[in-house]
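Colleague: quick one, fold the following:
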Amino acid sequence: MPLNIPILLTWLRIVLIPLMIAVYYVPESWVHGVGRDLAATLIFTVAAVTDWLDGYLARRWNQTSAFGAFLDPVADKLMVAAALIMLVQLGRLDAILAAIIIGREITISALREWMAQIGAHKSVAVSMIGKIKTTAQMIAIPLLLYRAPIGSFSVQEAGTWLIYVAAVLTLWSMGYYMRMAWPHLIEADRKR
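Modeller: Reported below is the predicted structural model:
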């Protein structure tokens, strides 16, 4: 396993997941109310920034590796799934939206793994719609974690609208990836 700054940043993202969750379980005397939400929001935001930074640094410093390519999406999916589950538990997100987003991530991860096994991984490479979905998600989650209004701006409402947009884009991007993979799925069945 290579050890470099991009991989360390990915590991940091994984370590931040239980810390974000723990914020809601520590005694109220340590942190409470809006302080809890702010702490969880900041932790999630730092983790999200490391997602961008580790990829940027790995490419810039030519420190890409097979292990990093494996670990990075795992860290991303764990981070998002943990945050969505916390939001459902806190009553800030409908379980159906969390299930749609998490279910899509599992489905596309399995699809990408299978496509790599048959040598067609480029057919399900990250698309622009997937990037837009991720952006909407990564903005919506901190808004829903924080939720307190800022002046007249309803943070909760903005986060709710964005997570709905992310859910729609999630389904759209899943359809896109499945459509790209479909010919390979049919061909693999014919060869059996």
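Colleague: show me the residue at the heart of this structure, geometrically.
Modeller: Centroid-nearest residue in the chain, with Cα atoms, centre = their mean: Val80, separated by 3.9 Å.
Colleague: can you confirm that residue is in a helix?
Modeller: Yes - checked against DSSP: H, G, I helix; E, B strand; the rest coil, Val80 lies within a helix.
Colleague: now do the contacts for it.
Modeller: Contact analysis of Val80 by Cβ atoms under 8 Å, 6 or more residues apart in numbering lists 101-102, 105, 137, 141. C-beta coordinates here come from the backbone N, C-alpha and C atoms, glycine included.
Colleague: ok, so of those, who is nearest Gly119?
Modeller: Closest approach to Gly119 among the contacts of Val80 (Cβ to Cβ): Glu105, at 23.2 Å.
Colleague: name the nearest residue to the closest one, sequence neighbours excluded.
Modeller: Distances taken as Cβ to Cβ, 6 or more residues apart in numbering place Lys77 nearest to Glu105, at 4.8 Å, with adjacent residues excluded.
Colleague: before we move on, what SS does that neighbour have?
Modeller: Three-state call for Lys77 (three-state DSSP): helix.
Colleague: quick check: the gap between it and Leu42.
Modeller: For Lys77, the distance to Leu42 equals 21 Å [Cβ to Cβ, to the nearest Å].
Colleague: now swap in Leu87 and tell me
Modeller: Leu87 sits 16 Å away from Leu42, going by Cβ to Cβ.
Colleague: so where's this protein uncertain?
Modeller: In the predicted model of the chain, residues 1, 120-125, 188-189, 192 satisfy pLDDT under 70.
Colleague: biggest helix in it, by residue count?
Modeller: helix 155-191 (DSSP state H).
Colleague: can you give me the buried ones in that one?
Modeller: 155, 158-160, 162-163, 165-167, 169-170, 172-174, 176-177, 180-181, 184 (16 or more other Cβ atoms under 10 Å).
Colleague: does anything pack onto that helix? Which helices or strands?
Modeller: Applying 3 or more Cβ pairs under 8 Å, 6 or more residues apart in numbering; DSSP states H and E, we find helix 155-191 packed against helix 95-117, helix 128-146.
Colleague: Ile5: which of the ones you listed is closest?
Modeller: helix 128-146 (21.4 Å).
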